[in-house]
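**Q** From the sequence below, what's the structure:
(chains A and B)
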Number of protein chains: 2
Amino acid sequence: MSKLEKRTQPLKAVALKQVSIQDAFWSSREKNVIETVVPYQWQALNDEIPGAEPSHTIENFRLAAGEAEGDYYGMVFQDSDLGKWLETVGFVLCRRRDPQLEQIADEVIDLLERAQQPDGYLNTYYTVKEPGKRWSNLRDNHELYCAGHLMEAAVAYFEATGKRKFLDIMSRYADYIGTVFGGEPGQKRGYDGHPEVELALVKLYQATGERKYLELSQFFVEERGQQPHFFDLEAAERNERPPAGRKNKKREYDYFQAHLPVREQTTAEGHAVRAVYLYSAMADLAVEGGDTALLEACRKLWNDVVRTKMYVTGGIGSSEYEERFTVPFDLPNDRAYTETCAAIGLMFWAQRMLQIEKRREYADVMELALYNGVLSGISLDGKSYFYVNPLEVWPSTANFRHDMSTVKVTRQPWFGCACCPPNIARLIASLGQYIYSANPAERELYVHLYIGSKLELDIEGQAVQVTQQSNYPWNGEVSLDVKVPQPAEFTIAVRIPGWCNGASVSVNGQHVDVADQEGGYVKIRRTWETGDRVELSLDMPVELVRAHPNVRENAGKVALQRGPVVFCLEEEDNGANLQDIVLPEGAKFDVHFDEHKFGGVSILTGSGLRSEVPAEDKHRLYATHGWSKVPAPITAIPYFAWSNRTPGEMTVWIRSNG
Amino acid sequence: MSKLEKRTQPLKAVALKQVSIQDAFWSSREKNVIETVVPYQWQALNDEIPGAEPSHTIENFRLAAGEAEGDYYGMVFQDSDLGKWLETVGFVLCRRRDPQLEQIADEVIDLLERAQQPDGYLNTYYTVKEPGKRWSNLRDNHELYCAGHLMEAAVAYFEATGKRKFLDIMSRYADYIGTVFGGEPGQKRGYDGHPEVELALVKLYQATGERKYLELSQFFVEERGQQPHFFDLEAAERNERPPAGRKNKKREYDYFQAHLPVREQTTAEGHAVRAVYLYSAMADLAVEGGDTALLEACRKLWNDVVRTKMYVTGGIGSSEYEERFTVPFDLPNDRAYTETCAAIGLMFWAQRMLQIEKRREYADVMELALYNGVLSGISLDGKSYFYVNPLEVWPSTANFRHDMSTVKVTRQPWFGCACCPPNIARLIASLGQYIYSANPAERELYVHLYIGSKLELDIEGQAVQVTQQSNYPWNGEVSLDVKVPQPAEFTIAVRIPGWCNGASVSVNGQHVDVADQEGGYVKIRRTWETGDRVELSLDMPVELVRAHPNVRENAGKVALQRGPVVFCLEEEDNGANLQDIVLPEGAKFDVHFDEHKFGGVSILTGSGLRSEVPAEDKHRLYATHGWSKVPAPITAIPYFAWSNRTPGEMTVWIRSNG
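**A** Coordinates of the predicted model:
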């Protein structure tokens, strides 16, 4: 493996503990996660939500610990729910210690310890339901996936509290896993059907310094897709016949991203969440190992996704069947699957790519997914969730047609497969770590996202404090105030978003040349003193976005975007039959901020045209003449805010004559 | 029941035996059915097609007759395949007796007789596989449906040959059915899940004069949807629990058109083929009984279909799931189900409505379905078939996406559920009976379809002969030559199609006032002499058809239609990415007849615009600018002819700036 080139000296995301968010847009959402979602999820894990499907997660751990009697209940990956919750708790405690929450967490960590088997194994499904069958079906049963989520949680909890117990539990488990899997005789050359443990092991390595975890992650990633195929070998051991109807093996493996060795994969295939979790681990390993070949594989996969398979909202995975990527440019709006978790996973991956390559494209995608495809997954009150995030909804059809049965018109309180709600909670609780990166060796601070926050960073022994203020995403005025104990030379690199065609940057009122960019970042190197202020002004006109002509669903249509926010039309504002609306050539939109709507959002208003059907044609399904057009006012709201009022139609893409 | 008003004195379709088709367009297709399809199907029924799925149909009858050993094989409605084949044979023999074919048919009719049980029952599934379980699952098992197809066959065979044996077999079966079903104590107040026997019993009544068959048909139709619900009662007798996941009973029943008594049904619901078979029987009963209330129910259902649920091709049934109607204006092009059988059934229904009400709308729809949604179901060589007839196909997506798994890019040689191929064969073989209607009491002859043919008709004792010639559907010049033994006064009513905005009609060169229409027909009453000639000239410009704005899939799009033929674009002529093509305002098309293409069809050529993506945007999935447009020649071929060359994209609806 050749080392990464010098010029791509990696950044390091500034850790959550060093960033506290103080932001008009995000603080309330963060507060909501801390005060509502975390307690609610804890109740859910304990089956204390009246009327909700039981989760049984905690009870499964009690069963595994021999402290309760009964049967295992829930999905085979039920343990991961506790992992995501504990990770969220870790993130919350990074922000502010909370003895009461910490006590609950400590107690459940004690339970985890008691549920752990003497050899380190920790999985309630196999311990309770199929003892003796461990590692017999890696393809389907999420055993390492669950381990991964618990590892991520252990790392977050350790970083927040400094307490080692959970980290030790998961290290013991990882040590045990390391005895089972590997290239030595008697070890399994296997990997999980759902990637997750790979990225978790990298975190475990980073938290513990134990290189063996990094090596185990690398093993899992490199084994994937090798021949003879592990999934065949283990299926044969189970005496399992190939499932009927699955004739194309390649198509079967690609669901798991196991159709080829990862270094040979050039297109994003299969289950979208699995894919981006795997690609995230690949990016981690590329940087940790200085592995340019692996980085090149990541780049190819990245390009395939963002150039051919990503919705304008940052959503990915256009097929409900297998929750998967399909073929290039197949991006149907009304049958978009675009799972919330997939958009979150895209952020994970983008953030990792961004540390390797200082290219704003990664931050652009991360930001796009965050403000659109991720955020649409949660209601404004934080109590209901979309698993599927369509870009066009026609309730009469979506509620009727079987091929749209996963498209919901309103967010649901929880899900049988409850992956998205806890995933969005942990994303919001850890948002602080997506904002900044640092390169201590080069004395560089990168600002990727414009989210009001206070950053405390050690730059070569100096405790640098940066206070970011903005009303993002509603306007592009951003300030960064520097506080240093004594003057210090370092670079602040600010991102000029890809969507922005008019930006200005100043330091203490002095203009900086924004044309002088590196990868989309304006780099300001100077000796900073307390009181220095960087100001950005990012023009945010309403843009009419068009898709590549190969995206046939969007032919002749535009999406409205302003800054990072994609807008949509809802029936409540625009009446029914949104697809009849057409924007005239040169359509313009006014923007106004409405503090009363959706907790305060910008609203776009403009004028379009609608068909007028004369009385004599009322009953004609087909006519040989056109319909006359009448002006129609148009109101667009942020896409993430849709479905918070009366259920009705919604569309992101609008027909355009322009 | 009130009588049909005097003014709607019904017509009677001129029987097949009186019409022989001699037509540039249809004769080759008829010949193909006679010479290729009928023998092929016979081989298929006898499991003699190498490599094809066994049909086992004839073998099932042998088993039922006790003349073979083994198990029943095939769908529960396998008997209907023989019914459709024998009906086709009957139609073929109407055209021209064929001793060899007749011998085969007579032998299989003998087999049917031997398979018939002593009490008249005749169904191989229950006789062989579930003896003693007759009539235990009307909802699902197609018992009366199979009976119906055999009855239709018996009538056709009788009409062609005058031989009564088959008719007698089926009359005995019908007599027996009449003992099982009815309102008397001990009888079942039931009906079949798949309507068919109802329209067949009307035919049996018409052939035999036995009113009890009409009454039995009426019983089945009137019982449908009554409470307590028959499907519940019989399910309870089977100790059957409601299937899981079917929570909405109304939704469950409407699949069978049994959610309401038929007279209360106002919207077309459920399985499209079942629906139109039922509606056909309702129309039959309305006319036979002079039942205006039932006619009114038919009218409402008709309006619901043609005003909200019919594709521009005459295809119906927009959902693959349950092969059903969905909600008004839900007409997706790429996931159209539009089963060939449903378009055929729509013709059945339209033809019946046309006899009751002399309104060209019924003939328009009949013709539209015939030249488009029906004919697309069969390849030009008659050897492969579409079950599903989409209006837009993108092979890469259709072959990949699970929600499009029923959309085939190429016609298939046969089907596991082989309902469409024999249905289209019997339709083509019986096309003669759709062309003319007569009203002997009023001395009227109606000409509905312009298909070259020779008609022999008795009008008040006079043997009238009419020879129709045309190059329809490629041009609108039609002539009708009259031959009478002596001068006779009667009316020839010629249809001015709804798509035609410029028609002229003349008799012996003398213009007739075409504005003087009754229901879209120009009625010419005169004393006809041999040598009299009626000439029609129907303008056939290329029309740009637009859908009602409520059809969101077609917003901003046009379909090309010329005369009754709907056109489409194929990739082979127009390159890939057809959805990128946009027609400029005022787009015009040239028409030329190409005798070498698709057996001779008209081709449309014109000019559209395509996007040009500059090199620097090649990899941009989204852009904030529009794409420049370059002219692109466009070639459109008849929709029915698509998929007879290299598999590729196809679209009926084309974007339009006009």
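**Q** Sheet partners, orientation included, of whichever strand or helix holds A:Thr491?
**A** Assigned by DSSP states H and E, A:Thr491 belongs to strand A:488-495. Sheet neighbours of strand A:488-495, with direction, are listed as strand A:444-447 (parallel), strand A:521-528 (antiparallel) (DSSP bridges).
**Q** Off-centre distance for that strand?
**A** Averaging C-alpha coordinates over strand A:488-495 and over its chain gives two centres that are 27 Å apart (C-alpha atoms, centre = their mean, to the nearest Å).
**Q** Can you show me the CA trace of it as CSV?
**A** The C-alpha atoms that make up strand A:488-495 are tabulated as CSV, following Å, rounded to 0.1, in the frame of the first residue of the first chain:
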residue,chain,number,x,y,z
ALA,A,488,-1.3,32.8,17.3
GLU,A,489,-0.6,32.1,13.7
PHE,A,490,-2.9,29.6,12.1
THR,A,491,-5.3,29.2,9.2
ILE,A,492,-9.0,29.4,9.2
ALA,A,493,-10.4,27.9,6.1
VAL,A,494,-14.0,28.7,5.3
ARG,A,495,-16.1,26.8,2.9
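**Q** Check what contacts that strand and list those residues.
**A** Residues external to strand A:488-495 that are found in contact with it (C-beta atoms under 8 Å, 6 or more residues apart in numbering or on different chains): A:358, A:360, A:363, A:442-449, A:459-460, A:462, A:464, A:466, A:478, A:480, A:482, A:505, A:518, A:520-528, A:534, A:536. C-beta: built from backbone N, CA, C; applies to glycine.
**Q** and that strand, which residues are buried?
**A** Within strand A:488-495, the residues that qualify as buried by neighbour count (16 or more other C-beta atoms under 10 Å in any protein chain shown) are A:Ala488, A:Phe490, A:Thr491, A:Ile492, A:Ala493, A:Val494, A:Arg495.
**Q** One more: stretch A:393-409?
**A** Residues of stretch A:393-409 classed as buried by neighbour count (16+ other C-beta under 10 Å): A:393-395, A:397-398, A:400-401, A:403-404, A:406-409.
**Q** same check, this time on stretch A:28-38
**A** Of the residues in stretch A:28-38, those buried by neighbour count under the rule 16+ other C-beta under 10 Å are A:Arg29, A:Glu30, A:Asn32, A:Val33, A:Ile34, A:Val37, A:Val38.
**Q** And for stretch A:285-305?
**A** Using 16+ other C-beta under 10 Å, the residues of stretch A:285-305 that count as buried are A:285-292, A:294-295, A:297-299, A:301-302, A:304-305.
**Q** Which members of those residues are positioned in strands?
**A** Among the buried residues of stretch A:285-305, DSSP state E puts none in strands.
**Q** Please write out the alpha-carbon positions of stretch A:525-540 in CSV.
**A** Coordinates of each C-alpha in stretch A:525-540 appear next as CSV, following Å, rounded to 0.1, in the frame of the first residue of the first chain:
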residue,chain,number,x,y,z
ARG,A,525,-3.7,32.5,7.4
ARG,A,526,-2.7,35.2,9.8
THR,A,527,-1.7,35.8,13.4
TRP,A,528,-5.0,35.8,15.1
GLU,A,529,-5.8,37.9,18.2
THR,A,530,-8.7,38.0,20.5
GLY,A,531,-11.4,40.1,18.9
ASP,A,532,-10.6,39.2,15.4
ARG,A,533,-13.7,38.5,13.4
VAL,A,534,-14.2,36.7,10.1
GLU,A,535,-17.3,37.5,8.3
LEU,A,536,-18.8,35.6,5.4
SER,A,537,-21.7,36.7,3.2
LEU,A,538,-23.1,34.0,1.0
ASP,A,539,-25.6,35.0,-1.6
MET,A,540,-28.7,32.9,-1.3
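**Q** neighbouring contacts of it?
**A** In this structure, residues lying in contact with stretch A:525-540 by C-beta under 8 Å, 6+ apart are A:450, A:464, A:475-484, A:487-492, A:494, A:496-497, A:500-509, A:524, A:562-563, A:591.
**Q** Can you say which of these are buried?
**A** Burial of the contacts of stretch A:525-540 was assessed by neighbour count (16+ other C-beta under 10 Å); the buried members are A:450, A:464, A:475-476, A:478-484, A:488, A:490-492, A:494, A:496-497, A:500, A:503-507, A:524, A:562-563, A:591.
**Q** What residues does A:Leu11 make contact with?
**A** Remark: with contacts taken as C-beta under 8 Å, 6+ apart, A:Leu11 is in contact with A:Leu354, A:Gln355, A:Ile356, A:Lys358, A:Ser437, A:Ala438, A:Asn439, A:Glu444, A:Tyr446.
**Q** rerun at 6 Å
**A** If you count contacts by C-beta atoms under 6 Å, 6 or more residues apart in numbering or on different chains, A:Leu11 has them with A:Gln355, A:Ser437, A:Asn439, A:Tyr446.
**Q** Looking at the first one now. What's its pLDDT?
**A** With respect to pLDDT, A:Gln355 has a value of 94.
**Q** Next, the contact list for it, please.
**A** With contacts defined as C-beta under 6 Å, 6+ apart, the neighbours of A:Gln355 are A:Pro10, A:Leu11, A:Ser437.
**Q** Among those, which are located in helices?
**A** When helices are assigned by DSSP state H, not one member of these lies inside them.
**Q** Present the residues you listed as a markdown table; the columns should include pLDDT and distance to B:Arg546.
**A** As requested, those are arranged in a markdown table below (pLDDT from 0 to 100; distance: C-beta to C-beta, whole Å):
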| residue | pLDDT | distance to B:Arg546 |
| --- | --- | --- |
| A:Pro10 | 83 | 57 |
| A:Leu11 | 90 | 55 |
| A:Ser437 | 97 | 54 |
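**Q** Switch these over to a markdown table; also include distance to A:Glu159.
**A** What follows is the contacts of A:Gln355, written out as a markdown table (distance: C-beta to C-beta, whole Å):
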| residue | distance to A:Glu159 |
| --- | --- |
| A:Pro10 | 20 |
| A:Leu11 | 19 |
| A:Ser437 | 17 |
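**Q** what's across from the nearest residue to A:Leu11 once chain neighbours are set aside in the sheet?
**A** Taking C-beta to C-beta, 6 or more residues apart in numbering or on different chains as the measure, A:Leu11 lies nearest to A:Ser437, with 3.8 Å between them; neighbours along the chain are not counted. Partner residues in beta bridges with A:Ser437, using DSSP bridges, are A:Ala13, A:Tyr446.
**Q** measure A:Ser437 to chain B for me?
**A** For A:Ser437, the distance to chain B equals 25 Å [C-beta to the nearest C-beta, to the nearest Å].
**Q** so that residue touches A:Tyr446, yeah?
**A** Yes. Contact between A:Ser437 and A:Tyr446 holds when scored by C-beta atoms under 6 Å: they sit 4.2 Å apart.
**Q** ok, the two, which is more surrounded?
**A** Per other C-beta atoms under 10 Å in any protein chain shown, whichever of A:Ser437 and A:Tyr446 has more neighbours is A:Tyr446, with 26 against 22.
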